[in-house]
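> Need coordinates for the following:
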Amino acid sequence: MYLARVTGTVVATQKLSPLTGKRLLVVRKIGLDGEPLGATEDVALDPGLDAGLDDVVLVAKEGAVIATLLDADRTEGLPTPANVVIVAIVDEWSIAGEPAGG
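Have a look, this model is predicted:
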C-alpha cells in the first residue's frame, strides 16, 4: 500500500458491470512529507469512499488484497477488474509521534 494524492478523474460512460456505480480516479504516489514521488500516476478504483480532487488516500496495489476487499462476498458474476484500489481517505499521519502530513 502507499499514500497518494488524487490528481484527476476518469470518465467512462461504458464499463464492465462490476464497475457500475464506482469512480475511477487518477492518483500520484506521495512521500511521507506529502510531496509527489516521481511523475507516474495510476488510475485507481474508488469503491464508494467518495474521494475527491487533492485528497490524500491510501492505495492498495496488490491483487490478493483487492480480491479480498472487493470480491469476498461475491457468489456469482465477474470479479472486479481492478488492480489499484483506494482503501481509505487519509486525514493526517505522523511518524514517531510527530505530525508529518495531512
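> Can you list the buried residues in the worst-scoring helix or strand of the chain on mean pLDDT?
The least trusted helix or strand in the chain, going by mean pLDDT, DSSP states H and E, turns out to be helix 63-71, with a mean of 74. Residues 66, 70 are the ones in helix 63-71 that count as buried (16 or more other Cβ atoms under 10 Å). Where C-beta positions appear, they are placed from N, C-alpha and C, glycine not excepted.
> Going by neighbour count, list what's buried in the helix or strand following it.
Using DSSP states H and E, the next helix or strand after helix 63-71 towards the C-terminus is strand 85-89. Residues of strand 85-89 classed as buried: 85-87 (neighbour count, 16+ other Cβ under 10 Å).
> which regions of this structure sit below the pLDDT cut-off?
Residue ranges of the chain with pLDDT under 70: 72-75.
> Regarding it, what is its longest strand?
Longest strand in the chain, counting residues (DSSP state E): strand 36-46.
> Can I get that one in PDB, CA atoms only?
Below are the C-alpha coordinates for strand 36-46, written out as PDB (Å, rounded to 0.1, in the frame of the first residue of the first chain):
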ATOM      1  CA  PRO A  36       5.000  13.700  -5.000                       C
ATOM      2  CA  LEU A  37       7.300  10.800  -5.700                       C
ATOM      3  CA  GLY A  38       8.000  10.700  -9.400                       C
ATOM      4  CA  ALA A  39       5.800  11.600 -12.300                       C
ATOM      5  CA  THR A  40       3.900   8.300 -12.600                       C
ATOM      6  CA  GLU A  41       0.200   8.300 -12.000                       C
ATOM      7  CA  ASP A  42      -2.200   5.300 -11.600                       C
ATOM      8  CA  VAL A  43      -5.900   5.000 -12.300                       C
ATOM      9  CA  ALA A  44      -7.400   3.800  -9.000                       C
ATOM     10  CA  LEU A  45     -10.900   2.400  -8.300                       C
ATOM     11  CA  ASP A  46     -12.800   4.300  -5.600                       C
END
